[in-house]
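>>> compute the structure for the input listed below.
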Amino acid sequence: MTLLKPTRRDLLKMAAAAPAFAMPAAVRAELGAPEGGNPGHFRFSVGDARVTVVSDGYFRLPTDGLGVNADPEDVQAFLKRHFLSPEMGYSHTNHLYVEIGDAKVLVDVGSGNRFMMETAGELMSNLDAAGIDPYSITHVVITHAHPDHVWGIRDDFDEALIPDAEYLMGEAEHTYWMQDGLVDRVEQDMQQFVVGAVNSIETDGVDWTLVQDGHEVVPGLTMIDTPGHTPGHMSLRVDSGDQSLIALGDAMTHAYTNFAHPGWYNNFDADGAQTVATRKRLLDMAAADRIAILGYHFPFPGVGHVQRDGDSYRFVPALWQF
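Sure thing, here's the model as predicted:
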């Protein structure tokens, strides 16, 4: 099974080539960057749960990793129709922070300063800007052990950045990354991702609670199996009153292709067929039960609804309230 793509070489090539891929503003969906930046957090509620989406920044990846089981020309044409660059993608990183009862729960810990994307690794500063004290966090849920989700778990002294929280991860995800000899069975360019995952999991001060489908973190927060992107990927469901939200992690990674073409999978999905099956199950459930979703890599703040559209779907961004 392929562990993760793109490889380190791909990332280095991408970083060097990014300026050359710039598109005229008139043919892309990106607006011009602001002077001084924008707030990296967004607040709303799910029933009685108080929710904040906190950004870890963003990064760009080549779009040739999208829809690898489709005709590349069809993928590029789709991106162009949606005012997106056919060469370089732009991925936000949207973390769920939820206060429910006495619990304060953070989903994933971002890239930290070990991932090579200089535009990411902003989670701690954005938590501070949002007035959230990381030392008050009671639970940290890890959806999966890819670099942009778990490498931010430790500080420069290899100790936990959030030292007093309970850390939760799917048992299958933990077992996959921690299996003996995995680093020697993957491609050389992929070995750093295995080492990074293991080092993150073994962070000093982190004691893992390994969970299975349906595990209740606290009343109202449930971890659910969403495998495919990685073997043990899990998402977090929030239920309060008559409202629900699913923090998808990377069970869905693109707010356009994943909905219009749910059968397409990407080169960084470990198991393409399982990724598609998981995605269709989530889309069907969210559309039928009117459950809100939060996409980690969707355009910030990444919150919206799923609308069925014939044999496909449509992402409907949630209405902001001031």
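
>>> could I get the full set of strands for the stretch 151-300 of the chain?
166-170, 208-211, 215-218, 221-225, 234-240, 243-247, 292-294 (DSSP state E, counting those that start in this stretch).

>>> tabulate those in JSON lines, adding columns for distance to Tyr135, mean pLDDT and mean neighbour count.
For the C-beta atoms, the positions are set from N, CA and C on the backbone; glycine is no exception. Shown next, in JSON lines, are those (distance: least, C-beta to C-beta, whole Å; pLDDT from 0 to 100; neighbours: other C-beta atoms under 10 Å):
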{"stretch": "strand 166-170", "distance to Tyr135": "14", "mean pLDDT": "98", "mean neighbour count": "22"}
{"stretch": "strand 208-211", "distance to Tyr135": "19", "mean pLDDT": "98", "mean neighbour count": "16"}
{"stretch": "strand 215-218", "distance to Tyr135": "18", "mean pLDDT": "98", "mean neighbour count": "17"}
{"stretch": "strand 221-225", "distance to Tyr135": "20", "mean pLDDT": "98", "mean neighbour count": "21"}
{"stretch": "strand 234-240", "distance to Tyr135": "21", "mean pLDDT": "98", "mean neighbour count": "23"}
{"stretch": "strand 243-247", "distance to Tyr135": "22", "mean pLDDT": "98", "mean neighbour count": "23"}
{"stretch": "strand 292-294", "distance to Tyr135": "24", "mean pLDDT": "98", "mean neighbour count": "23"}
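
>>> kindly reformat those strands as TSV containing distance to Gly112.
Listed next are these as TSV, based on distance: least, C-beta to C-beta, whole Å:
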stretch	distance to Gly112
strand 166-170	15
strand 208-211	18
strand 215-218	23
strand 221-225	23
strand 234-240	21
strand 243-247	20
strand 292-294	21
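
>>> now stretch 193-204: buried residues?
Residues of stretch 193-204 classed as buried by neighbour count (16 or more other C-beta atoms under 10 Å): Phe193, Val194, Gly196, Ala197, Ser200, Ile201, Thr203.

>>> low-confidence regions, this structure specifically.
The model of the chain has pLDDT under 70 over residues 1-29.

>>> show me which helix runs longest in it.
helix 272-289 (DSSP state H).

>>> so which bits of that one are buried?
Of the residues in helix 272-289, those buried under the neighbour-count criterion (16+ other C-beta under 10 Å) are Gly272, Gln274, Thr275, Val276, Thr278, Arg279, Leu282, Leu283, Met285, Ala286, Ala287.

>>> is it true that the second one touches Pro227?
Yes - taking C-beta atoms under 8 Å as the contact criterion, Gln274 and Pro227 are neighbours in contact, 5.7 Å apart.

>>> find the nearest non-adjacent residue to Glu216, please.
Once its chain neighbours are removed from consideration, Glu216 has its nearest residue in Thr222; the separation is 5.5 Å (C-beta to C-beta, 6 or more residues apart in numbering).

>>> run a quick neighbour tally on Met252.
Residues contacting Met252 under the criterion other C-beta atoms under 10 Å number 28.

>>> could you number the chain from 16 rather than 1 from now on?
From this message on, residue numbering opens at 16, which makes the last subject Met267.

>>> could you check how far it is from Tyr311?
9 Å (C-beta to C-beta, to the nearest Å).

>>> try Thr268
Distance from Thr268 to Tyr311, by C-beta to C-beta: 7 Å.

>>> check Tyr271 too.
15 Å.

>>> who has more neighbours out of the two?
Ranked by neighbour count (other C-beta under 10 Å), Tyr271 and Tyr311 place Tyr311 first, with 26 against 19.

>>> surely that one meets Asp265?
Yes - assessed by C-beta under 8 Å, Tyr311 is found in contact with Asp265 at 5.9 Å.

>>> shared neighbours of those two, which are they?
Contact criterion C-beta atoms under 8 Å, 6 or more residues apart in numbering; residues bridging Tyr311 and Asp265 by contacting each: Thr158, His164.

>>> for Asp222, the count of nearby residues, please.
If you count neighbours by other C-beta under 10 Å, Asp222 ends up with 8.

>>> ditto for Ser60
For Ser60, the tally of surrounding residues (other C-beta under 10 Å) stands at 15.
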